[in-house]
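Enquirer: Predicted model, plus sequence, below.
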Amino acid sequence: MTSLEGRVIAITGSASGIGFATAHLLAARGAAVSIADVQEDKLSAAAESIEKATPGAKVLAKKVNVSSTQEVEAWLDAIVSQFGKIDGAVNLAGVTGKSSGSTFVADVDEDDFDFIIGVNLKGVFNCLKAELKRMKGGSIVNASSVAGIRGYFKSIAYCASKVRTTIPHNPPLPDQQPPATDSPTHSARRHWHDQNRSRGICSSKHPRQCHRSVSHLACPSSSPSPSLSNGPRRLTSKQRPN
């Protein structure tokens, strides 16, 4: 198991699901972790769970709405203030909204559309922009979805948000896509996934079947993988835009 002693990693969407499992594993490997989520109660419970599982773990928990530039900037400033740096980031915050899997385009509520795009697309942009300003090297992992490649029925906003956070391969590798994960987001729209599963689009995995892959990609020892269509692009100081 790779030691991450001395590393500082920021994780969004970490009060539950893949983010929670990833934070647990990174802390167990010695990393200082900052967990962020809008679910304040679950976030506090997540921090307590990590500290209990890994005595001495360094955990900074912050309520953050990733669609807000100001909140993201303030969160990352707090990480640097407490730990002195940021070595890696995992951007997992995501929502399906009310309309995904149940509403045709003509009937989609505009506020719900803006909510989904705000978290899934602008949220990733806000985090990336702020992280790149503060990181001198390391890895950033962004979570996308097979919905960004194949599409889901009656899910215009969700699919649109994931198309723009997916890095396609040429030629595409559809059989390399990870299946849907049985996370709170997935569970909230189980009927939607059931519809798509009947069309052969997705299956389900537990978050703990994904957290090791995410944790590895966030580690300094990771490298770009041709088997992941939305895989990591290593960040170095020379690669960062001016």
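Expert: Thanks, I have the structure now. Residues are numbered from 1 along each chain as shown.
Enquirer: Just the CA trace of the host helix or strand of residue 159, in PDB.
Expert: Using DSSP states H and E, residue 159 sits within helix 156-163. Provided in PDB are the C-alpha atoms of helix 156-163 (Å, rounded to 0.1, in the frame of the first residue of the first chain):
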ATOM      1  CA  ILE A 156     -31.000  16.200 -20.900                       C
ATOM      2  CA  ALA A 157     -29.400  18.300 -18.200                       C
ATOM      3  CA  TYR A 158     -27.500  15.400 -16.500                       C
ATOM      4  CA  CYS A 159     -26.100  14.200 -19.800                       C
ATOM      5  CA  ALA A 160     -25.200  17.700 -21.000                       C
ATOM      6  CA  SER A 161     -23.300  18.300 -17.800                       C
ATOM      7  CA  LYS A 162     -21.400  15.000 -18.100                       C
ATOM      8  CA  VAL A 163     -20.600  15.400 -21.800                       C
END
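Enquirer: what's the burial count for residue 94?
Expert: Other residues near residue 94 come to 26 when the count uses other C-beta atoms under 10 Å. (Glycine included, C-beta is placed from N, CA and C.)
Enquirer: Please renumber the chain so that the first residue is 46 from this point on.
Expert: Taking 46 as the first residue, the last one we looked at is residue 139.
Enquirer: now it, nearest residue through space, not along the chain?
Expert: The shortest distance from residue 139 to any non-neighbouring residue, by C-beta to C-beta, 6 or more residues apart in numbering, is to residue 165 (5.2 Å).
Enquirer: which residues of this structure score low on pLDDT?
Expert: Flagging of the chain using pLDDT under 70 yields the residue ranges 46-47, 144-147, 190-201, 206, 209-287.
Enquirer: For it, just list every one of the helices.
Expert: 62-73, 85-98, 114-128, 155-162, 168-179, 201-208, 229-233, 235-243, 256-262 (DSSP state H).
Enquirer: any idea which of these is most buried?
Expert: Compared across these, helix 62-73 shows the largest average neighbour count, a mean of 25 (mean count of other C-beta atoms under 10 Å).
Enquirer: what helices or strands is it leaning on?
Expert: strand 53-57, strand 77-82, helix 85-98, helix 256-262 (3 or more C-beta pairs under 8 Å, 6 or more residues apart in numbering; DSSP states H and E).
Enquirer: The residue nearest to residue 139 against residue 188, yeah?
Expert: No. Using C-beta atoms under 8 Å, residue 165 is not in contact with residue 188, being 9.3 Å away.
Enquirer: Give me the more crowded residue out of these two.
Expert: Set residue 165 next to residue 188 and count neighbours by other C-beta under 10 Å: residue 165 wins out with 28 against 23.
Enquirer: What spatial separation is found between the more buried one and residue 141?
Expert: 9 Å (C-beta to C-beta, to the nearest Å).
Enquirer: Which of the helices and strands packed on helix 62-73 sits closest to residue 175?
Expert: Across these, residue 175 has its closest neighbour in strand 53-57 (9.3 Å, C-beta to C-beta).
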